[in-house]
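A.B. asks: would you be able to build a 3D model of this:
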Amino acid sequence: MLFNSYKFILLFFPISVVAYYAIGGLGSRVQNAALVAASLAFYASWDVRFVPLLLGSIIVNFAAGRAISACAARHRKAAARVILAGAIAANLLSIAIFKYAHFFVDNFNFATGDDYALGAIILPLGISFFTFEQIGFLVDVHRGEILAPDLLDYSLFVTFFPRLVAGPILRFHEIRPQLSAARGGPSTAEDLAVGLTIFIIGLVKKTILADGIAPYATAAFAGAARGRPIDLFLAWGGAAAYACQLYFDFSGYSDMAIGAARCFGIRFPMNFFSPYKATSIIEFWRRWHMTLSRFLRDYLYIGLGGNRRGSARRYANLLITMLLGGLWHGANWTFVLWGGLHGVYLMINHGWIAVSTRSSLLSTFRRSRAGAAFGFVVTFIAVLAGWVLFRAPNMAAAGDMLGGMIGRHGAVIPAGLAFALEPFGGLVAALGIRYAQSSGTELVETYLWVAALLGIAFFAPTTQELLAGYHPVLEAVDGLGAAVPSPAGPRLLRWHWAPSAGSAMTVGALAFFGIIAITRVSEFLYWQF
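C.D. replies: From the prediction side, this is the model:
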């Protein structure tokens, strides 16, 4: 059941919200039990066969957490470590079987020349998210940062449907205090108004913006997959179109998850904060899929030693972390190389900081407006190149797209646009640009879409900034904005949401257009991970 479906928007979600508040007088425990039941029904609507897998994962990890906590209380540290290692191994084994079995077998066959075959394996929806979330829970219990909860609270932590299949990746201490608090009463109207506003903004991002530009990205990458030479303008247009599609698809999903949770009086952490405004790769990863970045840092990078063992080990840990982060996204070498590429980016970024701090000239440049602008441009181009690996179905298609972006297949302009270039005929010929027998409509539409959506991504405020006065997420939005400053530039909109007739009419209009734009089944891109 997709968030951007009539079944969810017009049936499941409103019924769940109404039922949730209707039983509010029975207490938060009954409300939590109702949310668990609704969440399991939500998961079962995709494939009921995998509900036992989800329940089994919850029971095993809950029991392991209680056992680790009991061992810690008795100062049996060795036993606690053994239980933790066994539970993490069991979690990773479940992902390996369902998500990576074919990948491992195919690569083993390629290396050895064997021909082993596996039957069809269906990837359970959200397995990467709810498994990694529970691994984080077990580690936090082992570190003594949280106490093992009761089964009901833990079940709701894992299954809560607004973030069950694609995050954000929660930590138990963030959600636990909210589960025991009374929800309802005077705050209900504000929670519903704020939550629905955020949800509707996310719906518009998905159904109008992301799905609107998707065909232009698909056409370019499909051509590369078929072996069609991708010229300079098509390659850059397709890569930029996919960058916009992914940006608004994931931003839209994050808003819809945060908004849906807020309708039940529960706040999530920030998961997306204008990453294309970043002036460095380090900053990009502080803004993109923020809860995944946090997980990789706290449970993998620091676990490997972080930066405690010298610069060489730090760079190696960065690379390993990002390689595994890439593999987490999918069982394909394109994802591994995408992660490795970002690992190299981060190594270069940290190296640049280390070198620049030793030079007053470089340090001054890095902190100047010119330095921020330079970092902004370099970061965006680097991210754009990485998205080609992320999107391409295989290495050959990725190579063709990247080759096209550096001009390996030349530059082609549709003959329908020749009239616009007549004054520059000499320059066009000198650059080796040739004409193709096509109207140019698709190319123009691609770049118009890209220009419009990048304008929003670069200059518009985030949804959380628009509603900052109503605490839409766990973090203080103003403080987060100060921690990750945007490059200098005007904003398209300085309006801030407040409950009023004008806001209601605006959000209602957005809801109307967002809903009527639902014309086909269109999964969120991160649901495949």
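A.B. asks: so which residues of the stretch 301-450 of the chain form helices?
C.D. replies: 311-329, 333-356, 360-366, 369-391, 395-405, 418-421, 425-430, 441-459 (DSSP state H, counting those that start in this stretch).
A.B. asks: which other residues reach the third one?
C.D. replies: It stands for helix 360-366. Helix 360-366 has contacts (Cβ atoms under 8 Å, 6 or more residues apart in numbering) with 352-353, 355-357, 371, 375. Glycine gets a C-beta too; all of them are placed from N, C-alpha and C.
A.B. asks: repeat the analysis, applying 6 Å as the threshold.
C.D. replies: Around helix 360-366, the neighbours that count as contacts under Cβ atoms under 6 Å, 6 or more residues apart in numbering are 356-357, 371.
A.B. asks: cool, and the fifth one?
C.D. replies: The set of residues external to helix 395-405 that reach it, using Cβ under 6 Å, 6+ apart, is 224-225, 230-231, 235-236, 334, 388-389, 392.
A.B. asks: and that helix, average pLDDT?
C.D. replies: For helix 395-405, the mean pLDDT works out to 94.
A.B. asks: CA atoms only: put it into CSV for me.
C.D. replies: Extracted C-alpha coordinates of helix 395-405, given in CSV (Å, rounded to 0.1, in the frame of the first residue of the first chain):
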residue,chain,number,x,y,z
MET,A,395,28.1,-1.0,-15.2
ALA,A,396,27.9,-0.8,-19.0
ALA,A,397,25.0,1.6,-18.9
ALA,A,398,26.7,3.7,-16.3
GLY,A,399,29.9,3.8,-18.4
ASP,A,400,27.9,5.0,-21.4
MET,A,401,26.1,7.7,-19.4
LEU,A,402,29.3,9.0,-17.8
GLY,A,403,31.1,8.8,-21.2
GLY,A,404,28.4,10.9,-22.7
MET,A,405,28.8,13.4,-19.9
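A.B. asks: list the buried residues for that helix?
C.D. replies: 397-398, 400-405 (16 or more other Cβ atoms under 10 Å).
A.B. asks: give me the domain ranges for the chain.
C.D. replies: By the assignment in automatic domain parsing, the chain contains the domains 6-181, 192-528.
A.B. asks: quick check: end-to-end length of the first one?
C.D. replies: Counting by Cα to Cα, to the nearest Å, the length from the leading to the trailing residue of domain 6-181 is 31 Å.
A.B. asks: do the same with stretch 22-33
C.D. replies: For stretch 22-33, the end-to-end distance is 14 Å (Cα to Cα).
A.B. asks: and for Tyr6, the neighbour number?
C.D. replies: The burial count assigned to Tyr6 is 10, neighbours taken as other Cβ atoms under 10 Å.
A.B. asks: so where is the stretch 51-200 of the chain shaky, pLDDT-wise?
C.D. replies: For the stretch 51-200 of the chain, residues meeting the criterion pLDDT under 70 lie at 182-186.
A.B. asks: could you give the number of residues near Gly65?
C.D. replies: As a burial measure, Gly65 scores 25 neighbours (other Cβ under 10 Å).
A.B. asks: next one: it from Ser57, what distance?
C.D. replies: Taking Cβ to Cβ, to the nearest Å as the measure, Gly65 falls 12 Å from Ser57.
A.B. asks: what segments of the stretch 101-250 of the chain are helices?
C.D. replies: 101-112, 127-143, 151-159, 172-180, 187-204, 211-225, 232-262.
A.B. asks: for these, give me a markdown table that also has mean neighbour count and distance to Ala278.
C.D. replies: Formatted as a markdown table, those follow (neighbours: other Cβ atoms under 10 Å; distance: least, Cβ to Cβ, whole Å):
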| stretch | mean neighbour count | distance to Ala278 |
| --- | --- | --- |
| helix 101-112 | 13 | 31 |
| helix 127-143 | 22 | 24 |
| helix 151-159 | 20 | 31 |
| helix 172-180 | 17 | 24 |
| helix 187-204 | 21 | 21 |
| helix 211-225 | 20 | 21 |
| helix 232-262 | 25 | 12 |
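A.B. asks: quick check: which of these is nearest to Val17?
C.D. replies: helix 187-204 (7.5 Å; Cβ to Cβ).
A.B. asks: can I get the closest one as PDB, trimmed to CA atoms?
C.D. replies: C-alpha atoms of helix 187-204 as PDB (Å, rounded to 0.1, in the frame of the first residue of the first chain):
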ATOM      1  CA  SER A 187      -2.900  19.200  21.100                       C
ATOM      2  CA  THR A 188      -4.800  17.000  18.700                       C
ATOM      3  CA  ALA A 189      -5.900  19.800  16.400                       C
ATOM      4  CA  GLU A 190      -2.400  21.200  16.100                       C
ATOM      5  CA  ASP A 191      -0.900  17.700  15.500                       C
ATOM      6  CA  LEU A 192      -3.400  17.000  12.800                       C
ATOM      7  CA  ALA A 193      -3.000  20.400  11.100                       C
ATOM      8  CA  VAL A 194       0.800  20.200  11.100                       C
ATOM      9  CA  GLY A 195       0.900  16.600  10.200                       C
ATOM     10  CA  LEU A 196      -1.500  16.800   7.300                       C
ATOM     11  CA  THR A 197       0.200  19.900   6.000                       C
ATOM     12  CA  ILE A 198       3.600  18.200   5.900                       C
ATOM     13  CA  PHE A 199       2.100  15.000   4.400                       C
ATOM     14  CA  ILE A 200       0.400  17.000   1.600                       C
ATOM     15  CA  ILE A 201       3.500  18.900   0.800                       C
ATOM     16  CA  GLY A 202       5.300  15.600   0.500                       C
ATOM     17  CA  LEU A 203       2.500  14.200  -1.700                       C
ATOM     18  CA  VAL A 204       2.900  17.100  -4.100                       C
END
